[in-house]
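**Q** build me a structure from this.
(one chain, ligands or ions: 1)
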Amino acid sequence: MLPTSTPSILQHNLRRETLPTSTPSMLQNHQQPESSPKRPSIWQRRVPSAPAVQAVDSKSGLALMWFRTDLRTHDNPALLAAARHPELVSLYTWAPEPEGEAAPGGAAQIWLNEALSALSRSLESLGSNLVLRRAHDPAQEVANICQDWGVQTVYFCRRYEPWLAKADKILTETLMRQGVRVESFPGYLLYEPDLVQMDAKGSKGHWGTLMPFLSSCRKLGEPRRPLPRPTSLPPSPPSSVGGSLQLVDLDLTAHGQGALTDRGTSILQAWPGFDEETALAEMRTFVGGSRLRNYEEQRGRADLPENPNSKLSAYLRWGQLSPQDIYWEVKKTGLSEEVVQTFERRLFWRDLAYFQLNAFPEMREKPIRTHYAKMAWSQDGQMLSKWQQGQTGYPLVDATMRELWSTGWSQQNMRMLAASFLTEFCNIDWVQGARWYEDNLVDADIAVNSMMWQNAGRSGIDQLNFVISPDNGQSQDPSGDYVRRWVPELTDLPDKFLHRPWEAPPEVLSAAGLQLGSNYPERCIENLSEARAACTAATLEMRRLVADTQWNDKDGYDIIVLPDGHVSKVFTRKDLRLTKDGKPAPATRSISADSDRGGSRRWGNAGRRGQKDQAGGTTKLPRHALPEGTSQPGCSAKEQLWTMLKQGGSANAIDLDSDSEV
Ligand SMILES: Cc1cc2nc3c(=O)[nH]c(=O)nc-3n(C[C@H](O)[C@H](O)[C@H](O)COP(=O)(O)OP(=O)(O)OC[C@H]3O[C@@H](n4cnc5c(N)ncnc54)[C@H](O)[C@@H]3O)c2cc1C
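**A** Predicted coordinates:
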């Protein structure tokens, strides 16, 4: 059940932005620290300072609650504030055009369709109705509604895609000119990106990565606690009756590259529900049961009857859950930091993605390491198509791509496996992979997806510093149940050959009813080592073009330009580092987890070295590699490295390591 206690937002640390501001704020604002350095334009507040206008009573008149990616009635600060008015219009505008290609894709639209239906029911149960509109220009639509229906105050939760934040600013200005008051609230992240301070100098080559980000977030205090659901909502005005489209008129299940009816059905069947009650129940089951406790150990397993991950990403994406809900539910368990930290950090990864998107608004398609735009990617359309359709002949890759198509989801390490197969073995541009995911994930999120694909494509703030073998399921699928579930053609193959059917003798294939090239594809790459070497060679060739420029530092690390104009070196795989004259860079003193190796870490191999645990858990740094007093039990290598840096260690003298975890 949703909490129904009397709404009170006074005690919560909310960062409300109100325009006009002539009415004293009833909410405590979460102010920027006074010591904030001057930020470049992208960090500026989204709304201009208020002009002198006549004071209005903030609680009087008709309010409009504009739902976007906050499709919930609980923990919704904007809705809670709007509920104080005597009359309320609840609005959702479906407006993919201004978002262009970044608009929700086919699978996400299927989820959205259900989520809107559920939100509408929730609002009705509280006494309000959801007005649905289709708009080419949502801001204009909101402005028109305000004018037509005499809305006095508009409420919404802020969005953090820079182009949408800009659109919000324009809308706010338009509404102000109409004499409409605007109140916006944080509702999607734990910490708003413009509050998090990370300067290039202090980050010592780790700018934009998780550890300094976590450290900056912690300086802001704990995230606010979830807000209660309003006990009831004000009625809608008679003028709004008949002003809504039917949900079916939004045509949400007919968009996207592959939004076929059969896929819609399979996605709908794959999930327990699309409403906020289900979201909360799923969260409580995950947190209160054994899965959170076993997350560290088991999250890499794709073959268990119940997936060990939370599977909450789509609920978060559509705002049916808030990250605060999850953060505080985890805290309530009283479990030790060691048990929960890997899971808890996932929420910070989510915030980090928006921090990065605000710093690099074009990261959806433009490499953050700008010189990587020169990379010579393969243009093999057939290979791309095999990957998309789950027909590569590599059972693990095919299983995850088919799961993605059927359910709109797959777990993190399987996404990484698919991404690394495309970018590290097929040498296909990460942008192609990102597009496919955008269209096929129910949780498709521009910021997170772009961050993860940039890292997989080697052009992000981070680079994956391990290889996920596509032909060895020991970590992800030791029982073989995952492949058998999604690639039923292979059901009768003995375990020994399940992840490498090409090694099976003819009689084994025949006994399993398998004919490679006929009822299951031949593998699309015969020699993985050669394919990967070719891909690395192509990357080195591109890096050689800039070896003697400002984009390559003296130790062979890539250099990026930060939004404030500073430059920063970023983690660069050892095998990709070049000296200024284009030769392989000599190894720097390394304290990273792969300190004993010359190349990148391998993960998911029978004979793998290093200290990755069975489930691909956090790599522990060898204690002896750290200065005394900095080694902490349960801390990841990255965290200990970061601790050392903060205590004065020099990032120039050591080997930066990747943050990426499976
Ligand atoms: C190539 C690639 C593309 C991805 N695209 C997306 C995407 O479009 N949308 C998306 O939400 N996640 C994306 N992820 C991150 C991650 O795979 C999913 O969030 C996760 O698998 C969702 O399952 P879950 O809810 O069980 O996650 P859990 O492991 O239970 O994690 C809990 C929550 O933390 C957040 N989270 C987890 N991992 C990450 C991460 N690496 N970065 C940011 N937030 C994270 C999610 O909101 C997730 O629901 C991508 C990962 C890869 C490798």
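
**Q** centre-most residue in the protein?
**A** The C-alpha lying nearest the average C-alpha coordinate of the chain belongs to Val448 (Cα atoms, centre = their mean; 2.6 Å).

**Q** which helix or strand contains that one?
**A** For Val448, the host element (DSSP states H and E) is helix 446-456.

**Q** pLDDT on that helix, on average?
**A** For helix 446-456, mean pLDDT rounds to 98.

**Q** in its sheet, what does the helix or strand just after it sit against?
**A** As assigned by DSSP H and E, the chain's next helix or strand after helix 446-456 is strand 466-468. Using DSSP bridges, the strands paired with strand 466-468 are strand 601-603 (parallel).

**Q** enumerate the residues of the stretch 351-500 of the chain near the ligand.
**A** Selection of the stretch 351-500 of the chain residues close to the ligand by Cβ under 6 Å from any ligand atom yields 353, 411-412, 415-416, 419, 437, 441, 443-445, 448-449, 452-453, 456. Every C-beta, even on glycine, is put in place using the N, C-alpha and C of the backbone.

**Q** okay, now the unreliable bits of the stretch 401-550 of the chain?
**A** Residue ranges of the stretch 401-550 of the chain with pLDDT under 70: none are present.

**Q** enumerate the residues of this structure near the ligand.
**A** Residues of the chain lying close to the ligand (Cβ under 6 Å from any ligand atom) are 299, 309-313, 316-317, 346-347, 349-350, 353, 411-412, 415-416, 419, 437, 441, 443-445, 448-449, 452-453, 456.

**Q** next step: the residues you listed restricted to helices.
**A** Among the residues of the chain next to the ligand, DSSP state H puts 313, 316-317, 346-347, 349-350, 353, 412, 415-416, 419, 437, 448-449, 452-453, 456 in helices.

**Q** now do the buried residues in stretch 83-102.
**A** Of all the residues in stretch 83-102, those buried under the rule 16 or more other Cβ atoms under 10 Å are 83-85, 87-96, 102.

**Q** which of these sits closest to the ligand?
**A** Ala102 (11.5 Å; Cβ to the nearest ligand atom).

**Q** excluding its backbone neighbours, what's nearest that closest one?
**A** Leaving aside its sequence neighbours, Ala102 sits nearest to Ile446 (Cβ to Cβ, 6 or more residues apart in numbering; 5.2 Å).

**Q** got it, and Pro162?
**A** Once flanking residues are discounted, Pro162 sits nearest to Pro361: 4.2 Å by Cβ to Cβ, 6+ apart.

**Q** tell me the secondary structure at that neighbour.
**A** Following DSSP: H, G, I helix; E, B strand; the rest coil, we place Pro361 in the coil state.

**Q** for it, grab the count of nearby residues.
**A** Pro361 has 16 neighbours, counted by other Cβ atoms under 10 Å.

**Q** look up how far the ligand lies from it.
**A** For Pro361, the distance to the ligand equals 17 Å [Cβ to the nearest ligand atom, to the nearest Å].

**Q** am I right that that residue is in contact with Trp163?
**A** Yes: contact criterion Cβ atoms under 8 Å: Pro361 and Trp163 qualify, at 6.9 Å.

**Q** picking up where we left off before, what subset of the ones in helices among the residues of the chain next to the ligand is buried?
**A** Neighbour counting over these (16+ other Cβ under 10 Å) leaves 313, 316-317, 346-347, 349-350, 353, 412, 415-416, 419, 437, 448-449, 452-453, 456 as the buried ones.

**Q** for the stretch 1-150 of the chain, which segments count as strands?
**A** 17-19, 62-67, 87-94, 130-134 (DSSP state E, counting those that start in this stretch).

**Q** mind giving me the packing neighbours of the third one?
**A** In terms of contact count using 3 or more Cβ pairs under 8 Å, 6 or more residues apart in numbering; DSSP states H and E, strand 87-94 is assigned the packing partners strand 62-67, helix 106-126, strand 130-134, helix 138-149.

**Q** so what strands line up beside the third one?
**A** It stands for strand 130-134. Going by DSSP bridges, the partners of strand 130-134 are strand 87-94 (parallel).

**Q** hmm, who's touching the strand it pairs with?
**A** Contacting residues not belonging to strand 87-94 are listed as 61-68, 71, 79, 82, 116, 119, 123, 128-135, 138, 141-142, 145, 149, 151, 233-237, 240, 250, 252 [Cβ atoms under 8 Å, 6 or more residues apart in numbering].

**Q** quick one: buried residues of stretch 217-226?
**A** Applying a neighbour-count criterion of 16+ other Cβ under 10 Å, one finds 217, 220, 223-224, 226 buried in stretch 217-226.

**Q** ok, now stretch 461-479?
**A** 461-473, 475-477.

**Q** closest to Thr572 among those residues?
**A** Closest approach between the buried residues of stretch 461-479 and Thr572, by Cβ to Cβ: Gln463, at 6.6 Å.

**Q** how about that closest one, what does it touch?
**A** For Gln463, the contact set (Cβ under 8 Å, 6+ apart) comprises 455, 571-573, 576, 658, 660.

**Q** at 10 Å instead, please
**A** 369, 454-457, 539, 558, 570-573, 576, 600, 658-660 (Cβ atoms under 10 Å, 6 or more residues apart in numbering).

**Q** quickly check those for the two that are furthest apart.
**A** Thr539 and Asp659 (19.6 Å).

**Q** ranges for the helices of the stretch 401-550 of the chain?
**A** Along the stretch 401-550 of the chain, counting by DSSP state H, counting those that start in this stretch, helices occupy 412-420, 430-440, 446-456, 481-486, 495-498, 506-511, 528-545.

**Q** nearest to Pro563, of these?
**A** Closest of the helices of the stretch 401-550 of the chain to Pro563 is helix 446-456, at 15.1 Å (criterion: Cβ to Cβ).

**Q** what helices and strands are in contact with that closest one?
**A** With contacts taken as 3 or more Cβ pairs under 10 Å, 6 or more residues apart in numbering; DSSP states H and E, helix 446-456 sits against helix 313-317, helix 337-359, helix 412-420, helix 430-440.

**Q** just want the angle from it to helix 412-420.
**A** Orientation of helix 446-456 against helix 412-420 (axes from the mean of the first three to the mean of the last three Cα atoms, to 10 degrees) gives an angle of 60 degrees.

**Q** tabulate the CA atom coordinates of helix 446-456 in CSV.
**A** Extracted in CSV, the C-alpha atoms of helix 446-456 (Å, rounded to 0.1, in the frame of the first residue of the first chain):
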residue,chain,number,x,y,z
ILE,A,446,19.6,9.0,-22.7
ALA,A,447,22.1,9.9,-20.0
VAL,A,448,22.8,6.4,-18.7
ASN,A,449,22.7,4.7,-22.0
SER,A,450,25.1,7.2,-23.6
MET,A,451,27.5,7.0,-20.7
MET,A,452,27.6,3.2,-20.8
TRP,A,453,28.0,3.1,-24.6
GLN,A,454,30.6,5.8,-24.7
ASN,A,455,32.6,3.8,-22.1
ALA,A,456,32.1,0.6,-24.2
